[in-house]
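Peer 1: no sequence on this one, just coordinates:
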């Protein structure tokens, strides 16, 4: 069923941010500023501008600062998933938050990257591409030419119909996972809220031919280190001048 309404999302904000040190010695990574705004605010705006009306945010490291940020947001927008007792990683954190995310497809975002939009926002493009009968996951991807602050070998190959395959033993792959996906909770059923990587469930969907991708048509900014902040700010300035 195309055109799913997915009105809930989760931003993964519980990580330790070790690669962002020394900035994260006193500030959680999602609150590190890029062009005067916290990383998590760039992601929040990408969601709310596309009609997301409930955002789950998990907390662990310097959790009180995440609480303070949440308290400053519009009433009812942010709901906190508390991982102070145990860091749950990318998979366990989502499983723990499932009761808050509902029974329909929802978005998951990393907190160390965000994207810029052209005419049609990425969230809306993903909604339009979603096919409930064919997909369990739809991953937002970036072409290397549009990736700022990322120097890896790439993550995925994509077939003409959008199905994904991992890079595997290939030296390079053309598409980078851009830190955002749309998922139906049915594929998460039965998983326990323990620490594990969501990559294990990506692979489960991939094996069934139900892991799909959408290549974003504008810059994607990966801000994983202090040095990447400068690159992201320069790209924001360049992109603003183009409009």
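Peer 2: Noted; the coordinates are in hand. Nothing here was measured: the structure is a model prediction, and the numbers come from that model.
Peer 1: I'd like to know how far residue 169 sits from residue 159.
Peer 2: 18 Å (C-beta to C-beta, to the nearest Å). Yep, even glycine has a C-beta here, placed from its N, CA and C like the rest.
Peer 1: These two: who's more crowded?
Peer 2: When residue 169 and residue 159 are compared for neighbours, residue 159 comes out ahead with 11 against 5, by other C-beta atoms under 10 Å.
Peer 1: Can you point out the buried residues in the longest strand that the chain contains?
Peer 2: Ordering each strand of the chain by length in residues (DSSP state E) puts strand 175-183 first. Judged by neighbour count using 16 or more other C-beta atoms under 10 Å, the buried positions of strand 175-183 are 175, 176, 177, 178, 179, 180, 181, 182, 183.
Peer 1: elements contacting the following helix or strand past that strand?
Peer 2: Going down the chain from strand 175-183, the next helix or strand is helix 199-207, by DSSP states H and E. Contacts defined by 3 or more C-beta pairs under 8 Å, 6 or more residues apart in numbering; DSSP states H and E place helix 199-207 against helix 89-101, strand 137-143, strand 164-166.
Peer 1: Where is the longest helix in the protein?
Peer 2: helix 226-242 (DSSP state H).
Peer 1: quick one: buried residues of it?
Peer 2: 228, 229, 231, 232, 233, 235, 236, 239.
Peer 1: what bits of this protein have low per-residue confidence?
Peer 2: Along the chain, the parts satisfying pLDDT under 70 run over 1-5, 243.
Peer 1: hmm, 90 instead?
Peer 2: Scanning the chain for pLDDT under 90 picks out the ranges 1-6, 15-19, 23, 145, 151-152, 240-243.
Peer 1: spatially speaking, which residue is in the middle of it?
Peer 2: residue 109 (2.0 Å; C-alpha atoms, centre = their mean).
Peer 1: Now residue 16: which helix or strand?
Peer 2: Here residue 16 is assigned to no helix or strand, by DSSP H and E.
Peer 1: and if you look at residue 67?
Peer 2: helix 63-71.
Peer 1: Could you name the helices and strands sitting against the first helix or strand past that helix going along the chain?
Peer 2: Using DSSP H and E, the next helix or strand after helix 63-71 towards the C-terminus is strand 78-82. If you count contacts as 3+ C-beta pairs under 8 Å, 6+ apart, strand 78-82 packs onto strand 54-59, helix 63-71, helix 89-101.
Peer 1: the inter-axis angle of the longest one versus strand 175-183?
Peer 2: The one in question is helix 89-101. 30 degrees (axes from the mean of the first three to the mean of the last three C-alpha atoms, to 10 degrees).
Peer 1: Which secondary structure elements does helix 89-101 sit against?
Peer 2: With contacts defined as 3+ C-beta pairs under 8 Å, 6+ apart, the packing partners of helix 89-101 are strand 8-12, strand 54-59, strand 78-82, helix 199-207.
Peer 1: hmm, 7 Å instead?
Peer 2: strand 8-12, strand 54-59, strand 78-82 (3 or more C-beta pairs under 7 Å, 6 or more residues apart in numbering; DSSP states H and E).
Peer 1: Pull out the buried residues from that helix.
Peer 2: In helix 89-101, counting by 16+ other C-beta under 10 Å, buried: 89, 90, 91, 92, 93, 94, 95, 96, 97, 98, 101.
Peer 1: now do the shortest one
Peer 2: Counting neighbours by 16+ other C-beta under 10 Å, one finds that the buried residues in strand 54-59 are 54, 55, 56, 57, 58, 59.
Peer 1: got a list of contacts for it?
Peer 2: For strand 54-59, the external contacting residues (C-beta atoms under 7 Å, 6 or more residues apart in numbering) are 7-14, 44, 47, 66-67, 70, 77-84, 93, 97, 100-101.
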